[in-house]
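# turn this into a structure:
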Amino acid sequence: MAPPDRELLRNLADWPSDGHLVTSLYVDVDGRRHPRRADVQRQADALLRRATGIADRLGKQASLDVCRDARRMRDYLADEFDRRGTRGLALFSCSPAGLWQEVRLSQPVRDRSAVRPHPYVLPLEAVVERAETFCTALVDRARARLLVSSLGEIHELSSFLDEVPGQHDQGGWAQARHRRHIEDHVQRHLKHVAEALLRLQRTRRFEHLVLSGPEEVVAELERHLHDYLRRRVVDRANLAITARAAEVLDHALGLEAARERHREEETVGRLVAESAGTAGRAVAGLDRTLEALGTGRADTLIVSLGMEAQGVRCPACGRLAGGGARCPMCGSRTEREPVLVEEAVEAALRRGCRVETVPATTPGADRLEALGGIGALLRF
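Residues are numbered from 1 along each chain as shown. Alright, predicted model coming up:
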């Protein structure tokens, strides 16, 4: 199972399909959104039916090839896929060209299928571009382990043991001096950890820092941190110094999911407030959002998870709209677009916009639905 990174993206983008069609499938498999495995399979079936329907119109051989790819994807989801630790899944298949690629993601993705001459990697590029990296420092009074996680992968990059003297049973002044001697070594150890974290940040940049250990040790470590790192502390945990990497990763993924829910709620709040204001910093509703996207004013596209709509596309300039026989931009005759929201998401990603997909479980999601299920924060 390949981790999502830029090398994988390059390999997929450069895959020689030799003129054959590539079937791409993105499925949201997050257990918090879709607790039943059957729900995931049912949604994947619907997406694959859409893909085979497109191939049916492209000729007999294209139809046979895509049907074979779709069958392999269905079999994989039914018999092989284990979604533990996975919130999004991307599958790419082109049987005649020998392509089969599975990509597990620690973030949910918008459900999508595509049939094209090359793998459809745009949503995957967006996930890699937005990926956040967590560094977890497991510490006690003498030991430290530094682990870095991103996109569902974790690596232990450093571990060390500093010499800290033990206690002895002498009393009086000797005991007090020895205790100070021990504490001096503990402080040197924590300073060592702080310096190691700063070096790691310079070579393997991370956005968020998790400190884990006894409360008093973590507090002292934080005091030694460079201010640049102190501002990146997002959690003070109680994971054991001997915790397995999988436990550390699970903790980081939980933090990432919580931050995602907070960001979704905050983004919807901004949309509601600014679309109602007079400054014109946001728009809501399908027509106004597509107009902002088409004119390049959209900065962040916000859309309810699972929203579907039909509309039109201009074949000349690519402009999307809810309806109309003529393109308002160039005047060309429009064509029917059956998956308007999906095309809007793709257009936003191509333009470098941030895309925020809001599930019904997000606090405030009902306010987005009341605005039509879609909106955009604007650049200008």
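# how about the secondary structure of Leu377?
Of the three states, Leu377 takes strand under DSSP: H, G, I helix; E, B strand; the rest coil.
# for Val283, which residues are in contact?
By Cβ atoms under 8 Å, 6 or more residues apart in numbering, the residues touching Val283 are Ser275, Thr289, Glu291, Ala292, Gly375, Ala376, Leu378. No exception for glycine: its C-beta is placed from N, CA and C like everyone else's.
# so which of those residues is the closest to Arg6?
Arg6 lies nearest to Ala376 out of the contacts of Val283, by Cβ to Cβ, at 27.7 Å.
# confidence score at the closest residue in space to that closest one that isn't next to it in sequence?
Nearest non-adjacent residue to Ala376, counting by Cβ to Cβ, 6 or more residues apart in numbering: Ala298, 4.1 Å away. With respect to pLDDT, Ala298 scores 96.
# residues in contact with Ala298?
For Ala298, the contact set (Cβ under 8 Å, 6+ apart) comprises Thr289, Ala292, Ala348, Arg351, Cys353, Ala376, Leu377, Leu378, Arg379.
# identify the bridge partners of it.
For Ala298, the residues forming beta bridges with it (DSSP bridges) are Leu378.
# quick check: it vs Ala348, distance?
Note on Ala298: its distance to Ala348, by Cβ to Cβ, to the nearest Å, is 6 Å.
# who touches both of the two?
By Cβ under 8 Å, 6+ apart, Ala298 and Ala348 have no common neighbours.
# show me where the stretch 201-350 of the chain has its strands.
Secondary structure of the stretch 201-350 of the chain by DSSP state E, counting those that start in this stretch: the strands cover 208-212, 233-237, 282-284, 298-304, 311-313, 320-321, 335-337.
# for Pro16, which of the ones you listed is the nearest?
Nearest to Pro16 among those is strand 311-313; the distance by Cβ to Cβ comes to 29.5 Å.
# which other residues reach the closest one?
Contacts to strand 311-313, defined as Cβ under 8 Å, 6+ apart, come from residues 286, 290, 319-324, 334-337, 340, 343.
# go again using 6 Å as the cut-off
Applying Cβ atoms under 6 Å, 6 or more residues apart in numbering, the external contacts of strand 311-313 come out as Leu320, Ala321, Gly322, Thr334, Glu335, Glu337, Leu340.
# what's the pLDDT at Arg37?
Looking at Arg37, its pLDDT stands at 86.
# for it, give its distance to Leu89.
12 Å.
# report the angle between the one helix or strand in the chain whose mean pLDDT sits lowest and strand 208-212.
Least confident helix or strand of the chain, by mean pLDDT, DSSP states H and E, is helix 172-203 with a mean of 82. Helix 172-203 runs at 160 degrees relative to strand 208-212, counting by axes from the mean of the first three to the mean of the last three Cα atoms, to 10 degrees.
# go through helix 172-203 and flag the buried ones.
Residues of helix 172-203 classed as buried by neighbour count (16 or more other Cβ atoms under 10 Å): Ile182, His185, Val186, His189, Leu190, Lys191, Val193, Ala194, Ala196, Leu197, Leu200, Gln201.
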